[in-house]
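# this one's sequence-less:
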């Protein structure tokens with residue numbers, strides 16, 4: 001995500017949707033869905049280089065989750081920021097299952113951090 005060069009932008013909420021043949025309510029540990037800011041910008045989850053924005057969420061049966069009350073997600077003007085979606089699976093391994101997740105761009109509300 002990137003804000004334009006005019007001003008910093010506060011972002012909230014952010015919705016994510018999942019696809020694939022995973023059972024979003026049974027194969028994913030309830031309450032384990034978290035959203036992080038990747039402060040190292042390497043695209044990898046690492047507790048020492050990521051900032052937790054929201055935790056304790058769960059996917060609905062269609063694989064959707066909306067992160068509200070996001071503290072600390074302000075996009076700096078012209079500085080891309082990477083978000084990481086992290087969740088735990090209820091199984092030791094995935095066998096013949098596929099899934100992916102993407103930000104639902106229609107869910108995002110961005111407000112100028114300076115002007116509101």
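Okay, I see it. Note that the structure is predicted; figures quoted are calculated from it, not measured.
# Please report phi then psi for residue 107.
Here is the backbone geometry of residue 107 (degrees, to the nearest 10): phi -90, psi -10.
# Name the SS class of the residue nearest to residue 71 when sequence neighbours are not counted, please.
Spatial nearest neighbour of residue 71, excluding adjacent residues (CB to CB, 6 or more residues apart in numbering): residue 53 at 6.8 Å. In this view, the C-beta of every residue, glycine as well, is placed from N, C-alpha and C. For residue 53, the assignment made with DSSP: H, G, I helix; E, B strand; the rest coil gives strand.
# Likewise for residue 6?
coil.
# per-residue confidence for it?
On the pLDDT scale, residue 6 is placed at 72.
# next one: residue 19
93.
# same question, residue 64
95.
# Same check on the one 3 residues further on?
pLDDT, residue 67: 93.
# and the residue nearest to residue 71, what is it in contact with?
Contacts for residue 53 (CB atoms under 8 Å, 6 or more residues apart in numbering) come out as 34-37, 67, 70-73, 83.
# Kindly report the same for residue 17.
62-64, 101-102, 104.
# Check residue 52 too.
Here residue 52 is in contact with 34-36 (criterion: CB under 8 Å, 6+ apart).
# repeat that for 10 Å
Residue 52 makes contact with 34-37, 71-72, 84, 86, according to CB atoms under 10 Å, 6 or more residues apart in numbering.
# Return the item of these having minimum pLDDT.
For these, the least confident entry is residue 72, with 71.
# If we ignore the residues flanking it in sequence, what's nearest that one?
residue 53 (6.0 Å).
# can you check residue 97 too?
residue 22 (5.3 Å).
# Partner strands of the helix or strand hosting residue 17 and their direction?
Per DSSP states H and E: residue 17 is located in strand 14-20. Sheet pairing of strand 14-20 (DSSP bridges) gives strand 64-67 (antiparallel), strand 99-104 (antiparallel).
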